[in-house]
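Undergrad: heads up, no residue letters with this:
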């Protein structure tokens, strides 16, 4: 398995640089060079675009995708904390919907909450999301297009420190997007974001868990 990944990497590097051990710096014709100094280009991967979205070197398309990445990362960070916080800190006291007699404590964590929150609650969330989207001009070149909505609590006046924090936001957003998808997947299979895989006894994958090649940390 490792060799299959290794030989593909060698072919790719050889094709780009002229040698399987070629220096990436020799591949000067790449349109990806246009984005190597952007935020989010971080070790150990560097500028990573396996699908080739930026292969055309279009700066406007890159800016649009970066704007989308920032939004999705921020939503994913909030969603991830939304999964974790009620488990650790508990839930609000009182009623979520007094008219329906529904308390915050009555709302389960995770995907099970989808069927419990009243439609009015979902409408409020949708309206707030719409307000965030339209309350500021997010056209290309504006501060909001770059993710700056004027909320300065966690920023820094020192340029180097600010750049470090902005890069950390992108990295944390990427991690959160992976995390929330993992939580959704595990919740859907086991009934809880922290569910034990052993509870998912209906999986046909169980038939192969004792085969050769089933190795930690991935398992089957």
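TA: Structure's in. What do you need? Note that this is a predicted model, so its numbers are computed, not measured.

Undergrad: can you give me the helices in the chain?
TA: 2-17, 59-89, 119-134, 159-190 (DSSP state H).

Undergrad: which of those sits closest to residue 36?
TA: helix 59-89 (11.6 Å; Cβ to Cβ). All C-beta spots, glycine's among them, are computed from the backbone N, C-alpha and C.

Undergrad: pLDDT below threshold where in the chain?
TA: 16-17, 20, 22-34, 195-206, 220 (pLDDT under 70).

Undergrad: tell me which of the helices of the chain sits nearest to residue 101.
TA: Of all the helices of the chain, the one in closest proximity to residue 101, counting by Cβ to Cβ, is helix 119-134 (14.0 Å).

Undergrad: which residues touch that closest one?
TA: The list of residues contacting helix 119-134 from outside it, by Cβ atoms under 8 Å, 6 or more residues apart in numbering, reads 96, 97, 149.

Undergrad: residues in contact with the second one?
TA: So that's residue 97. Residue 97 neighbours (Cβ under 8 Å, 6+ apart): 118, 120, 121.

Undergrad: mind running it again at 6 Å?
TA: Each residue near residue 97 by Cβ atoms under 6 Å, 6 or more residues apart in numbering is listed here: residue 118.

Undergrad: could you dump the contacts of helix 119-134 to CSV with distance to residue 157?
TA: Listed next are the contacts of helix 119-134 as CSV, based on distance: Cβ to Cβ, whole Å:
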residue, distance to residue 157
96, 40
97, 44
149, 18
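
Undergrad: nearest residue to residue 101 in space, please, no chain neighbours.
TA: Spatially, and ignoring its direct neighbours in sequence, residue 101 is nearest to residue 95 (7.4 Å; Cβ to Cβ, 6 or more residues apart in numbering).

Undergrad: the one you found pairs with what?
TA: Beta-bridge partners for residue 95, by DSSP bridges, are residue 103.

Undergrad: ok, it touching residue 103?
TA: Yes: here residue 95 lies in contact with residue 103, judged by Cβ atoms under 6 Å, at a distance of 5.4 Å.

Undergrad: gap between the residue most central in space within the chain and residue 183?
TA: With distances taken as Cα atoms, centre = their mean, residue 177 lies nearest the centre of the chain, 1.9 Å away. With the distance defined as Cβ to Cβ, to the nearest Å, residue 177 ends up 11 Å from residue 183.

Undergrad: next, show the common contact partners of the two.
TA: Joint contacts of residue 177 and residue 183 (Cβ under 6 Å, 6+ apart) do not exist.
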